[in-house]
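K.L.:
Just a sequence and a predicted model for now, questions to come.
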Amino acid sequence: MVRAKQGDRQMTGYANARRIEAMIEGLDLCNATPGQGTTRLTYSPEYRAAADFTIARMREAGLSVHEDAVGNIFGRIEGRQPDLAPILVGSHLDSVPHGGRFDGPAGVVAAIETAFLFRELGLRPDRPIEVAALIEEEGTRFGGGLFGSRLLTGQLDPATLDELRDDNGVSAAQAMAAYGLDPAQAGQAARAPGSVHAFLELHIEQGPVLEAEGRDIAIVDRIVGLAQLRVTVRGRAGHAGTTPMDQRRDALTGAVAILSQLPDLARQTGRDAVLTVGRIEVLPGGANVIPDLVTFTVDLRAPAEEDVLRLIQMVEGTVAHAQGNGLTCTVERQLYAAPTPLSGQIGAALSAQADALGVSHRVMVSGAGHDAMIMADFAPTGLIFVPSKGGVSHAPEEWTDYAQIARGTDVIFATIRQMSGATPG
């Protein structure tokens, strides 16, 4: 085990915490809202800057880099047996509006740091390793989320790129073209079954458990099921002063009637089910105009698949019941992911390496969706969490100490070294 001077590396670890810090801070400069949290939407100029920064760091670590047809970035360590399916390790680069700098980038940086360690320790794997920086995990721009991993695994039809639109009406296909990609080639991003040996991801916990328990990492054994819905309520616009109350077709009033019932649906379902309305838009948006169009998102999560499916049906029923009196109401299912068990074999390998490194750990269920939940249906998948200060995430106050990311990176590195059959030379 490497030992190095304090302040440069952990005293009994591998990863360089200062380098991790520099990479995360560098990525955070690629930000549309400096001083107000991190905003980096897929295919935006800020995203392009982050992608270029990531590519530069990958090349600095000695990786051969390519960007696929949809903008996922991969840096490859060639193996002694290059025809073997690679181990993928990484996370995502996009953010929520005014979010934190660690959600996603911590995992990308941990993967790049792993590549630096392979180079510095003179290790060569039998099996290739690919560092991955994936797009649109959050779903902030186009809705649905887990966009890059779903395209990678063939779970998203490229034909839908013309249908997915941002708040300005720009389709994903149009945004790709403006970014310099050809949406007609998006299908080329899909990899064949069996072409990935395993996927590993490091992520911040986004909750308070690890910090409260004083643990270094969590090894995630499963991820809750989730669905993301988009509800549209249509009415008729009118003048606020001249339209009698009994003749109004107020879309916002109809939407409020639905929204007021939604929290109780999750409570009725029980068993740790949660429901969140995260975004609402009212049009035409004039102070003296009766709204004729309201859209809002509904995020549903539960550990048991039957609870997720029941919640979807309950929301759809509530929306259908609100229809009438001149209002039309529809529900679009933008994303569905069943509760996902992760690889027990990879979990055991992560646990063994954590023990060998003296990294304290526990097993945890993830209440948040991650690219790992999509990859788990495609290849054996492992996911670890590192602590989040105060449990805060998706906010400017989001924070994880760089030394804690380094400890998690040590476990990822050691596990990949073992899985890839890496030896000096």
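P.N.:
Looks like it arrived, so ask away. Numbering: from 1, shown residues only.

K.L.:
I figured residue 407 hits residue 216, correct?
P.N.:
Yes - contact between residue 407 and residue 216 holds when scored by C-beta atoms under 8 Å: they sit 4.9 Å apart. For the C-beta atoms, the positions are set from N, CA and C on the backbone; glycine is no exception.

K.L.:
between those two, which one's more packed in?
P.N.:
residue 407 (27 against 23; other C-beta atoms under 10 Å).

K.L.:
overlap in contacts of residue 407 and residue 216?
P.N.:
When contacts are counted by C-beta atoms under 8 Å, 6 or more residues apart in numbering, the set common to residue 407 and residue 216 consists of 359, 386.

K.L.:
Setting the sequence-adjacent residues aside, check what's closest to residue 391.
P.N.:
Leaving aside its chain neighbours, residue 391 sits nearest to residue 208 (3.0 Å; criterion: C-beta to C-beta, 6 or more residues apart in numbering).

K.L.:
give me every residue that touches the one you found.
P.N.:
When contacts are counted by C-beta under 8 Å, 6+ apart, residue 208 touches 388, 390-391.

K.L.:
what about residue 399, distance to residue 111?
P.N.:
In this structure, residue 399 and residue 111 are 21 Å apart, going by C-beta to C-beta, to the nearest Å.

K.L.:
So these two - more neighbours on which side?
P.N.:
For residue 399 and residue 111, the more surrounded residue by other C-beta under 10 Å is residue 111, and the numbers stand at 30 against 16.

K.L.:
Ramachandran angles for that one?
P.N.:
Its backbone dihedrals place residue 111 at phi -70, psi -40, with angles given as degrees, to the nearest 10.

K.L.:
If I look at the residue nearest to residue 391, what pLDDT would I see?
P.N.:
We note a pLDDT of 95 for residue 208 in this prediction.

K.L.:
Give me the distance from the helix or strand encompassing residue 355 to the chain's centre.
P.N.:
Residue 355 is located in helix 344-357, with elements delineated by DSSP states H and E. Its chain's C-alpha centre lies 23 Å from the corresponding centre of helix 344-357 when counted by C-alpha atoms, centre = their mean, to the nearest Å.

K.L.:
what packs against that helix?
P.N.:
Using 3 or more C-beta pairs under 8 Å, 6 or more residues apart in numbering; DSSP states H and E as the contact definition, the elements that helix 344-357 packs against are strand 217-223, strand 361-366, strand 381-386, helix 402-419.

K.L.:
If you count neighbours, what's buried in that helix?
P.N.:
Going by neighbour count (16 or more other C-beta atoms under 10 Å), the buried part of helix 344-357 is 346-347, 349-351, 353-354, 357.

K.L.:
Next: stretch 172-191.
P.N.:
Within stretch 172-191, the residues scored as buried using 16+ other C-beta under 10 Å are 172-176, 179, 181, 183, 186, 189-191.

K.L.:
Return the subset of the residues you listed lying in helices.
P.N.:
Secondary structure from DSSP state H places 172-176, 179 of the buried residues of stretch 172-191 in helices.

K.L.:
between these, which is nearest residue 119?
P.N.:
Distance to residue 119, by C-beta to C-beta, is smallest for residue 179 among those, at 30.1 Å.

K.L.:
quick one: contacts for the closest one?
P.N.:
Residue 179 is in contact with 43, 47-48, 71, counting by C-beta under 8 Å, 6+ apart.

K.L.:
farthest pair in those?
P.N.:
48 and 71 (9.1 Å).

K.L.:
Settle it for me: which of those two has more neighbours?
P.N.:
Counting neighbours by other C-beta under 10 Å for residue 48 and for residue 71 shows that residue 71 has the greater number, 26 against 15.

K.L.:
Nearest residue to the more buried one in space, ignoring adjacent ones along the chain?
P.N.:
Skipping the residues right next to it in sequence, residue 71 comes nearest to residue 135 by C-beta to C-beta, 6+ apart, at 4.9 Å.

K.L.:
Could you give the backbone dihedrals for residue 140?
P.N.:
As for residue 140, its main-chain torsions (degrees, to the nearest 10) stand at phi -70, psi -40.

K.L.:
gap between it and residue 125?
P.N.:
Following C-beta to C-beta, the distance that separates residue 140 from residue 125 is 35 Å.

K.L.:
Who is residue 134 paired with across the strands?
P.N.:
Legend: beta-bridge partners of residue 134 under DSSP bridges are residue 92.

K.L.:
so it makes contact with residue 72?
P.N.:
Yes - with contacts counted by C-beta under 8 Å, residue 134 reaches residue 72, the gap being 5.2 Å.

K.L.:
So for the two, which sits in the more crowded spot?
P.N.:
Counted by other C-beta under 10 Å, residue 134 and residue 72 do not tie: residue 134 has more neighbours, with 31 against 23.

K.L.:
wait, what's in contact with that one?
P.N.:
Residue 134 makes contacts with 72, 90-93, 148-149, 152, 371, as judged by C-beta under 8 Å, 6+ apart.

K.L.:
ok, now how distant is the spatially most central residue of the chain from residue 371?
P.N.:
When the chain is reduced to its mean C-alpha position, the closest residue under C-alpha atoms, centre = their mean turns out to be residue 137, at 3.6 Å. Separation of residue 137 from residue 371 (C-beta to C-beta): 6 Å.

K.L.:
For those two, list the residues in contact with both.
P.N.:
Going by C-beta under 8 Å, 6+ apart, residues that sit against residue 137 and also against residue 371 are 91-92, 146, 148-149.

K.L.:
and the two most separated of these?
P.N.:
91 and 146 (11.7 Å).

K.L.:
Need the overlap of contacts for these two.
P.N.:
If you check residue 91 and residue 146 against C-beta under 8 Å, 6+ apart, the residues they both contact are 137, 371.

K.L.:
which parts of stretch 322-330 are buried?
P.N.:
For stretch 322-330, the neighbour count (16+ other C-beta under 10 Å) marks 322, 327, 329 as buried.

K.L.:
Need these in CSV (columns: secondary structure and distance to residue 97).
P.N.:
Output for the buried residues of stretch 322-330, formatted as CSV (DSSP: H, G, I helix; E, B strand; the rest coil; distance: C-beta to C-beta, whole Å):
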residue, secondary structure, distance to residue 97
322, coil, 28
327, strand, 29
329, strand, 26
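
K.L.:
which one of the residues you listed sits closest to residue 118?
P.N.:
residue 329 (54.2 Å).
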